[in-house]
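>>> any chance you can model this:
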Amino acid sequence: VPSSILSIDAMEQFKVLSETYSAQYGLGANQISVVSKSGTNKFHGALFEFDRNDAFDAKNYFQSSNNAKLRYNQFGFVVDGPVRIPWLYNGTDKTFFMANYEGQRVNAGAATGYTNTISQAQLAGDFSTPVTDPTTGKPFPGGNGYASIIPTSRFSRMATTTISNGYIPKPNCPTGCGPGNVYDLSVPSSSTLTSNQQTYRVDEDMHKWGRLFGRGSYSTYNPFGTGGPSGAVSGSGTAGINTNWAAGHTINFGSNLVNQFTMGVMDSYLVNFGSPVAASVQTALGFSGVFNNLTPQQRSYPTIGFGNQNGEQLATFGGANNAYTYSDNPMWQYSDALSYIHGAHTLTVGGDYKRWTLYRNNASNFLGQYTFSDGVATGNQVGDFLLGYYGAANAFLPGPFGLPNSAGNLHDYQFRYYALFLQDDWKAT
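The predicted structure is shown next:
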């Protein structure tokens, strides 16, 4: 997620700084300098809408199927001019404003994936081949045409909860689909995006006392994607909030001496997450004693995978793996530059101070990731899943420095940057 990128309609100009740029733009090999638009003595405005739709898109020459779903809308407005309050204030030649909004709404389909699901008979405990009871070492008794039947009373809490919530779907192409028609489940995928950005700027011309400006930007960024066999619970998304505030003062001391002071505050907050499940589902799994204070964004369903040693090609069910990460990056900056023009020389001296903090939490899989394999307990990977005998498992465990009232290990990094600069630009001709 970008920290803060203004809408094009809110930009006055931008410069790409690379290689040997001015000394005052230190800390970075390449930078982009953006100047936001300010108002003038005349009112200006614009309203825009950009639309894409799969109904408008042509197929390519070899395409036999319809285009994937696409609904794309980008819209907004910008207005600027002098600040005028009837009967109270007339800001002509003194006070100016600019207001901008831009939004995006995207709903898009993508390629369909193919995999295999567990049969309804096996989910009921009915197997056509013998399945060993790990408590006796003998096969489960059969009946009704099945070689072994696992009683549902023996099902693990994970199996019971997963099946009862419909997280293992029924086959939707029993005659075969996908390459070679060897799969029984087609899995469509889709993605959505909702983003909003608003920017406001006010300028005050104080004439001999210089010029002040203040600008604030606030944006949200929320993509979400689905495409797993367990439907919405397999989805993952992002919640991003970016704020950016800046202020500055420019003043001339005569015709050849100018001072420019700027300050800014930026905060980039970002959480990646899997589709959350209700707290009651966590309780049904029996995991409520591990983490009692998971946020909804941390409470994604366990990931359930299979070893497929015999080529079964069963899908991975449940929640998205390693879905959760958290970061928050507030930054403060203060800079001042004094420029003096003398003949062919422009001498600039100043300083720059930055302070920022990075809060980072990469802990994930709070409810675990589990893999079931043939040959571990019952001789059948689905039988192992029903009884709860996983072949491999991993989950986040609290660390020694974790906060007592929050899940994960939050890292806190502090940074400080101090810089002084002096530069003489000399025009030889």
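>>> so how far is the first residue of stretch 276-293 from its last?
End-to-end distance for stretch 276-293, by CA to CA, to the nearest Å: 14 Å.
>>> what comes into contact with that stretch?
157-158, 160-161, 165, 233, 294, 296-302, 319, 366-368, 395, 405-407 (CB atoms under 8 Å, 6 or more residues apart in numbering). For glycine as for every other residue, the C-beta is placed from the backbone atoms N, C-alpha and C.
>>> what do you get for stretch 199-217?
Stretch 199-217 has contacts (CB under 8 Å, 6+ apart) with 4, 6-7, 10, 36-39, 83, 93-101, 197-198, 242-252.
>>> any idea which residue sits dead centre in the chain?
Thr238 (2.8 Å; CA atoms, centre = their mean).
>>> is it fair to say it lies in a strand?
Yes - membership of Thr238 in a strand is supported by DSSP: H, G, I helix; E, B strand; the rest coil.
>>> Asp336 versus that one, what's the distance?
Applying CB to CB, to the nearest Å, the value for Thr238 to Asp336 is 37 Å.
>>> same question, Ala239
Between Ala239 and Asp336 the computed distance is 36 Å (CB to CB).
>>> Val349 against Asn259, yeah?
No - using CB atoms under 8 Å, Val349 makes no contact with Asn259, being 10.3 Å away.
>>> list residues touching both of these two?
Contact criterion CB under 8 Å, 6+ apart; residues shared by Val349 and Asn259: 337-338.
>>> picking up where we left off before, contact partners for the residue nearest to the centre of the chain?
Contact analysis of Thr238 by CB under 8 Å, 6+ apart lists 1, 221-224, 270-273.
>>> I'd like to know which of those is nearest to Phe77.
Of all these, Tyr221 has the smallest distance to Phe77: 19.6 Å, by CB to CB.
>>> beta partners for the closest one?
Beta-bridge pairing for Tyr221 (DSSP bridges): Ser195, Gly240.
>>> so how many other residues sit close to the nearest residue to Thr194 once chain neighbours are set aside?
Nearest in space to Thr194, with sequence neighbours left out and distances taken as CB to CB, 6 or more residues apart in numbering, is Asn222 at 4.7 Å. A count of neighbours around Asn222, defined by other CB atoms under 10 Å, yields 15.
>>> so what's Asn222 up against?
Residues near Asn222 by CB under 8 Å, 6+ apart: 193-195, 237-240.
>>> export those residues to a markdown table and tack on distance to Asp184?
Shown next, in a markdown table, are the contacts of Asn222 (distance: CB to CB, whole Å):
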| residue | distance to Asp184 |
| --- | --- |
| Leu193 | 32 |
| Thr194 | 34 |
| Ser195 | 38 |
| Gly237 | 28 |
| Thr238 | 32 |
| Ala239 | 35 |
| Gly240 | 38 |
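>>> select only the buried ones of those in PyMOL?
Selecting only the buried entries of these in PyMOL, with 16 or more other CB atoms under 10 Å as the criterion:
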select buried, resi 193+195+237+238+239+240
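>>> what about the stretch 201-350 of the chain, any weak spots by pLDDT?
288-292 (pLDDT under 70).
>>> what residues are up against Ser153?
Under the criterion of CB under 8 Å, 6+ apart, Ser153 has no neighbours.
>>> ok, so what distance separates it from Ala147?
Counting by CB to CB, the gap between Ser153 and Ala147 amounts to 20 Å.
>>> before we move on, what about Val265?
Val265 sits 68 Å away from Ala147, going by CB to CB.
>>> from Gly109, how far off is the nearest residue to Pro171 once chain neighbours are set aside?
Nearest residue to Pro171, sequence neighbours excluded (CB to CB, 6+ apart): Asp184, at 3.9 Å. According to CB to CB, Asp184 stands 22 Å off from Gly109.
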